[in-house]
Each structure stands twice: as structure tokens, then as C-alpha cells.
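Novice: predicted model, plus sequence, below.
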Amino acid sequence: SSSSSCCATLPLAFPMSLPDALARIQQGYDEAALRLLRAKANSGADDLDRTSTAGVDSQVQQAALDAGIIRALFTQMHDATSEQKNHLLIALVAIVIDGEDTGEEHGPGGRNTAAKEEAVDAGFAPLVVQALGDPGTSRAASWAVAWLTRWCLDSTATRANRFVRLGVVPALVKLISAADRDPESARGACYALGNVLFACQSVTAAAVDAGVVDALCAAVASRHERLVADALSSLGNLLTEQEEERRDGLNMAALAQQVAAQVDLGSIVQVGHTGAKHARQRAVTLLSRLCEFPACRAVMEQHAVAELFTAVSRDSSNTHTKFAVEKAAIGLANLLGSRESASNLMVETSAVTLVVRRLQQTVSGEHHFARPHDIAQALERLAVSDANRNAIVAASAIPTLKTALVTPGLLPSTRTLCICVLRHLAFDASVKTALAADKELITVLEALKQDEVHSKVAKAANDALFHIRNEPEAEAKPQAASKGHIMLSYSWAYQPTILRIREQLVKAGWCVWLDVDRISGGMSTLEAMAEAVENASIIIYTLGQPYKESPNCRLELEYAVQKKKQLIPLKMQSDYQPDGWLGLIAGSRLYFEFHEAAPFDTSMARLVEEVLRNLGSSNDLSKPGSKASLAASPTLPAVVAAPATSSLVTAAPATPHAARTCVLEPPTLPPQVQAWSCEQVGEWLVAQDGFSGLNAAQRRRLVTKAALNGRALVKLYELCHDHPDLAFKLLDGLGLTVGHKLCLFSYLDDMCTMSSL
């Protein structure tokens, strides 16, 4: 027979018994005995990709294992022809196969572990990898890899690692890339690659280098339904990550964006709604995985992924597997969980209770397949929304989180997420009081605070202790002499833009407080931030989802409101509308746009003007132009002329709050100034020693050239408050830098505070 005959229907009766067949296989290659073994062990015989355990006879598999058949097959592989190797590999699959996941719980080794370990220990791995390159054996070899690496969790991942060291990844990618010519081998390769990626995350970079994304995305677009399902599964496993940002030097967020851009998300959503049961599960799993990455969430919403997750979560007809329902709940939590408006949906779909229950099961060892990191991340997203807090607490999340913090073997990133959930919950006064009174929890956090190996865990524990133990003062306490700085409060997602803003403010002569400059290694982060808030004259903060989701950002901004600090918001996402606690604080304040679509220089010029406006007559912040502030400051480069439409816009109204408004009535110059001549204006300008870069003669010529008398000076000052873009533009023709313009406006501000000239 030819290799294609492996798919032929086997006869219903055989002239030998199972013991006879096993004995004959032990003696040497016997195709008839191999066929009988395959038929007895797996009633599907040549259905290498069994989707049910119904046709697998574990007693026959155990009899073959006890009889040493696996080692006999290994011995016969060495001198076999390509056709014989194909039969031997199919027989091997019949012994080690364990079927698809049906939502049942399994131990860390899965099913049929002993047979799989026996095959790898016997030395089958190099022979199987070699067979992947032979068209006559590639299909059987790919499924052999698939079943030998399935359920490789914890210590059993060594099976998958053996294949990886032998170069299985590029061999599988090559088969997937040839799916149009050999879809059956590509199916086995997709399934095998998914298992290898799940077990050995260190191979992700190598798989990407081998072209796995292009190959899998092409397979998803094929017309073979089962190939599509297996490719979806592999893509999901490709994106599985245990740490927050990177794995093996690979930017996982960028990889997720690449996948989202290359696949047809609309088609995948349709598979999730109407595909076969196993295909629906894998579509939901991949989409749920993509929702873990913030950069992918917008495009997920555009393709109505939330509607799919909702439909799956509400399914009461057993149309979807339990695994798919779990993944839909996690996907909903990651996609919409942090939104206050989605809290009812989180309850209706049981997303909150399912996520908390699954976390409890994973940390207690009842469920071995789900990764605690994935569950903890979904719970952290849910905890961001105050509207979900009661449901989370009612689901017994706090005892579960305490257990997770002391569970051996939990990843540091997972412990950090669990601590972060506790901090989100602690913004409720009653929860905070309960946590502070929980001596067991405080002891655990104190121990984690001393973790010298995992600095992120230690920092998270330290911040949590500060958060839980410190009560806000009912009244503002007497403060030390204010240093009068500008504080920048931001999420690290916006750090590049914030650093540019800091640079411009410093060049303009102001003292700026930024965490990267002012927090030393031995200083408590939150204590330093509290002190920075207390000593700030103005706090500039960012509007965006990452800021809302940060407990540190929330703590410092709410403290700033309590201290009645002047606040200036910066909008960092063009389509972001603040809600929840951030929406209450932002209210109807004026904000400045610093997202990608807004010209930075234009927005920066307006921000500087707003800082000047907010200062008013305050003397606690050094203004640009003083000797101390400009002595070591380089000149600020000129900004782009402001467009006709201002980048200063108004946020949507929100509930009133206690924070002081940041817009002041524009001051006016003393009336005597209007009578000044050009010469008097020039003498006044010469007297300003901090006007760096121009000598006295240059300043006089500047005043003469501009015909800047007292009346013009008053008008210029009015323009700088009412129409700053026009004021800046009028000074462009005088050869002034932005720093000189700001100094001029500052000197005019100083005049407003003088009782006489």
C-alpha cells in the first residue's frame, strides 16, 4: 500500500487478537499488526486529530505501553522506508493520543502522560522532526509532535523543549506555509506549533523570525475550516505571555498589533458566532488574548468583539464549551472592565464572579490549564472601575488575593497584579479600613516588601502598605515653606511626551518636579509624591486610560484635590473621555491636547501661557526671567505659529467636585503705563536684568523698531491673556525666542503686583 492508504477505512474484523498483534510488533515490522493496534487503541484509526475521547481506548494504550511497543516502534523506524515510517508514526499517535479538550480538568501532566514520556525518552523526538521534512511522512509526523507536546505544563515542558532544541519550530512553520499544497500536514503542524508555543515561551522570538505570523495568518484566511481553527489556536498561544511587557527580548504588544493588523478580524468574529464548536472556542480564545493588549482594544471594539463575548457569556444552551465561556468573560473584563458604564454588563454576564472563582481555582491547584497571570490581569482591569468594587468584594476576591500572594511558584508579575487589585479596592473607605485591620495581610505585605530579588513586587508591597495605612487628613496640616514647583503627574505610558514638556518648562525657567528626577532609590515613592503635591504651586496631570488605571496616579491626584492645588489637565488620547474618579476631577476644566494628532509646539505654547495665567499674583513660584531660573537655562526654541482653531478645549461636563478652578481673571497693568513713551518702555526693559541674550543697546533698538510705547505695551499684555497665539505672532518679527517672549510677559505680570511705579 502507499502512504495515502493510511486514510483508508480499515476492515471491521482482523485475523488476530490484540495480544497476538502486540507480540508480532515486538518481533519486527508488521503492517497488519500495526493496523489492528491502531484500530483497537483509537476506533477512528487514521483520524490523527481526534476531537473526542470517545474513540480512544486507554486500556489498549496501556497494554501497548506495558508490552514495550513504543520502544519497538522506535527501533523499527531506523531501517524503515518512508511508507513504513508513516505506518509506524500513525501507530505511535494511536498510543499517545488523548483527544481534544472538552472542558474537563486535568492534572499538570494532562492525560496519557506516561506514554508520551516513554516515547520521548526512547529517542523518538529526532526521528519525528526528521520525518517532518519527508512529504510521505510529514502529516503523521506533525500530529506525532502535536500529541507528544500536548499538555506540557510545569515540569513536563521538558518534552516540548527537546523538540525545540532539535529545530522543530522552523520545520513546522515551513509545513504551515505550504498549506495550499498540503492542508492536512499544515493542520497537524498548526496544532503542534500551538502546543510548543504554549509550553515553551522562549521560542516565540525564533518562531517570529521563522515567519510564523505570516504563515498562521495565511492559514486563518484559508477555506479549510479545521485548518482555520488550528491556526487560530496557534496564534492565541503565540501571544501567550507570563510577564507584563516582554518575553525573550520580544515586544509582545507590537507582536499582538501585528497579528491584529494581518488577520481578518471580521471573519474571526463570524467564526466565533457561527463556526463549529471547536472553531468557535479558538476564535474566542484568540480575540480574548488580543484584548489583553491595550494597543489592540480599540480595533477589537470596532469589530464588535464585545458583542461576541457577551453572546458567548450569556449562552445557556451549551453551544459553547466551558473554556470558551471563561475566555469570553476574561476578554470582556480586559476590553470593557475598567469602564464605569460597563459594570452592569460585567454582572449580567457573570464576568466578575467567573474571574474571581477561576483565580481561586488556579492558585489552589484545582485548575491547572489556566495561567494565574491571565486571570489576575483581568481582575485588575475590573477593579479599576469603582462600579465593580462591590461585586468583586462580594465574590470573596480579598481572601483569594491573600492566598495568591503566599502561593509558591506564582510569577512575580502575578503577585504584583494581585497587590494592585487590593490597592484599587482600597479606594473605598470601608475596604481600606478592613485591609488595614487584617494583620495576616499586613504581615504578608511586609514580607514581600523585603523581597530583594523581585524589585517590582517589593515596590508594589511598599506602595500598598503606604496606601492602606495612611488616612487623608480632614484638614490641611501646616506645611513647610513651599518650594513652589510645577509637578508633572502622569502615567509611564506617556513618559516620552512628558519628558519633552518637562524640558520646555525648565528651559522657560520654572522649577519642575518629575518622579524620575526627584525619587531616589531608598525613598518611598508615595511619600515622595505626597511631599511633591504638598509643595506644588501647580500640578499638571494627564488624561488617558492608563492614568485612570494607575492607583498611584489616582492617589496623588485625589490628594492634590484635597490640598486644593491648581490643576491643569493634558489630554493624551484624542478619543478619550474621562469617567469615574478621573471624570469627577477633570470636570469641565480646560485641557490641552498632547496626543499624536496635536502639534506639540502649538500645545506647548498654550500650556506655558496657561501656567502664567494660573500663577496670577502668586509669589511662591519662581517666574521665568529671574536670575536664578535663567542663569543656567538654554534658550527655548521658537514654537510653530498657532493655528486659527485653538488646541485649548473644554472637557465634557461632570459632577462638581472640590478642586479649585484653574482659570483666573486676567490682571491689568497699572494705569500709569499707558502714558509711557517708547524711551520709557526701553528704560524699563533695560532694567530687567534677567532678560538674557540682549544687551541694553539691543533692547532699546528692539523697542524703537516695534514702536512699543506704553499704550502698545498695555494692548500687548491684554493680547497675551485673551489671544496668546496672536501675541506670540506679533513678536515673531522682532527676532525674539520663545524664552524672551515669556520673560517679557513675566515682567508685565510682575508690574501687576506693584502698587506704584
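Specialist: In hand now; what should we look at? Numbers count the residues shown, from 1 in each chain.
Novice: relative to residue 316, how far out is the residue positioned nearest the centre of the chain?
Specialist: The geometric centre of the chain, computed from its C-alpha atoms, lies nearest to residue 293 (CA atoms, centre = their mean), at 4.1 Å. For residue 293, the distance to residue 316 (CB to CB, to the nearest Å) stands at 31 Å. Quick note: C-beta positions are derived from backbone N, CA and C, even for glycine.
Novice: ok, residue 30 next?
Specialist: In this structure, residue 30 and residue 316 are 52 Å apart, going by CB to CB.
Novice: which one's more surrounded, the two?
Specialist: Shown here are residue 30 and residue 316; by other CB atoms under 10 Å, residue 30 has more neighbours (18 against 5).
Novice: I'd guessed the more buried one sits against residue 24; true?
Specialist: Yes: the pair residue 30 and residue 24 passes the contact test of CB atoms under 8 Å, sitting 4.5 Å apart.
Novice: dump the lengthiest strand in the chain to PDB, restricted to CA.
Specialist: Longest strand of the chain, by residue count under DSSP state E: strand 536-543. Coordinates of the C-alpha atoms in strand 536-543 are reproduced here as PDB (Å, rounded to 0.1, in the frame of the first residue of the first chain):
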ATOM      1  CA  ALA A 536       3.500  72.300  44.400                       C
ATOM      2  CA  SER A 537       2.000  75.500  43.100                       C
ATOM      3  CA  ILE A 538       0.600  73.900  40.000                       C
ATOM      4  CA  ILE A 539       0.000  70.200  39.200                       C
ATOM      5  CA  ILE A 540      -0.100  69.200  35.500                       C
ATOM      6  CA  TYR A 541      -1.700  65.800  35.000                       C
ATOM      7  CA  THR A 542      -2.600  63.600  32.100                       C
ATOM      8  CA  LEU A 543      -6.000  62.500  30.900                       C
END
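Novice: next one: it to chain centre, how far?
Specialist: Between the mean C-alpha location of strand 536-543 and the chain-wide mean there is a distance of 25 Å, by CA atoms, centre = their mean, to the nearest Å.
Novice: which residues of this structure fall in strands?
Specialist: Taking DSSP E, the strands of the chain run over residues 246-247, 250-251, 485-489, 512-513, 536-543, 566-571, 590-593, 648-650.
Novice: which stretch among those comes nearest residue 365?
Specialist: For the strands of the chain, proximity to residue 365 was assessed by CB to CB; strand 246-247 is nearest, at 24.7 Å.
Novice: quick check: mean pLDDT of the closest one?
Specialist: Regarding strand 246-247, the rounded mean pLDDT is 46.
Novice: wait, residue 308 touches residue 287, no?
Specialist: Yes: counting by CB under 8 Å, residue 308 sits close enough to residue 287 to count as a contact (7.0 Å).
Novice: quick check: neighbours shared by those two?
Specialist: Counting by CB atoms under 8 Å, 6 or more residues apart in numbering, the common neighbours of residue 308 and residue 287 are 269, 272.
Novice: how about the nearest residue to residue 452, chain neighbours excluded?
Specialist: residue 458 (7.3 Å; CB to CB, 6 or more residues apart in numbering).
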